[in-house]
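> With the sequence up front, the predicted model follows.
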Amino acid sequence: MLAGVSKILRFAALCVLSVCIEAQAAPTGEYEVKAAFIHNIAKFVEWPAAATGAGKLRLCILGDDPFGGNINVLRGKQIGRLVWEVTRINAFADMKSCQVLFISASGHDGIGQIRKHINGSAVLTVGDTRGYAEQGVMVNFYLEENKVRFEINRAAAARAGFRIDSKLLRLGRIVSEQGGGK
């Protein structure tokens with residue numbers, strides 16, 4: 001009985017986070033699913049008060065933009081009193097003005113520099129490149145059996161002042177940093 005209830009609760013939580021959507025199922029594309037994931041993941045993150053004071057939840061895309069127009073589904077959507085704003089950036093100087101920073105694959109070689117530049121800032125880092133979570137990116141997407149999944153670097157999120165809801169932690173794969181995150 002308890003196992004059945006547990007399975008039902010887990011399925012319901014997965015659906016809430018859009019895990020039920022297949023990455024290549026028509027008409028939804030992989031990056032449309034990832035945009036929806038970003039929105040839903042943000043709902044399960046407790047943001048430091050200073051990070052959300054302006055009423056905006058600014059998503060910045062650093063490097064080559066893999067989303068194309070798919071990320072525009074977030075523009076104007078709300079999470080509580082916060083409204084998504086989406087922008088593309090190419091300079092480190094702009095990173096600290098972001099609440100969420102999506103680091104594209106083209107930023108792979110600069111993860112260490114990116115982390116140093118935003119150190120001490122409440123910027124939730126997100127990516128979709130193999131090894132990003134182990135290098136300190138807080139949320140990293142990957143494909144498994146044609147489905148978008150995610151891994152979480154809990155230590156990196158905690159260092160930036162984020163608290164991630166246990167429901168989200170149960171759904172993602174927890175990853176530790178190489179070298180202990182130092």
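Yep, it's here.
> What's opposite the closest residue to residue 162 other than its chain neighbours in the beta bridge?
Spatial nearest neighbour of residue 162, excluding adjacent residues (C-beta to C-beta, 6 or more residues apart in numbering): residue 45 at 5.5 Å. Bear in mind the C-beta positions are built from the backbone N, C-alpha and C, glycine included. Under DSSP bridges, the beta-bridge partners of residue 45 are residue 164.
> Now for residue 45: which residues touch it?
124, 157, 162-165, 168 (C-beta atoms under 8 Å, 6 or more residues apart in numbering).
> For the nearest residue to residue 82 once chain neighbours are set aside, grab the count of nearby residues.
Distance criterion C-beta to C-beta, 6+ apart; nearest residue to residue 82, sequence neighbours excluded, is residue 57 at 4.3 Å. Here the count is done by other C-beta atoms under 10 Å, and residue 57 has 26 residues near it.
> same question, residue 86
Neighbourhood size, residue 86 [other C-beta under 10 Å]: 21.
> Now it: closest residue in space that isn't a chain neighbour?
The shortest distance from residue 86 to any non-neighbouring residue, by C-beta to C-beta, 6+ apart, is to residue 59 (5.0 Å).
> my guess is the one you found meets residue 89, correct?
No - if you go by C-beta atoms under 8 Å, residue 59 and residue 89 don't touch, sitting 10.3 Å apart.
> most surrounded residue in the contacts of residue 45?
residue 124 (27 neighbours).
> For it, which residues are in contact?
42, 45, 99-101, 138-139, 157, 160, 162.
> show me where the chain has strands.
45-46, 56-62, 78-79, 82-89, 100-103, 124-127, 139-144, 147-152, 163-164, 173-174 (DSSP state E).
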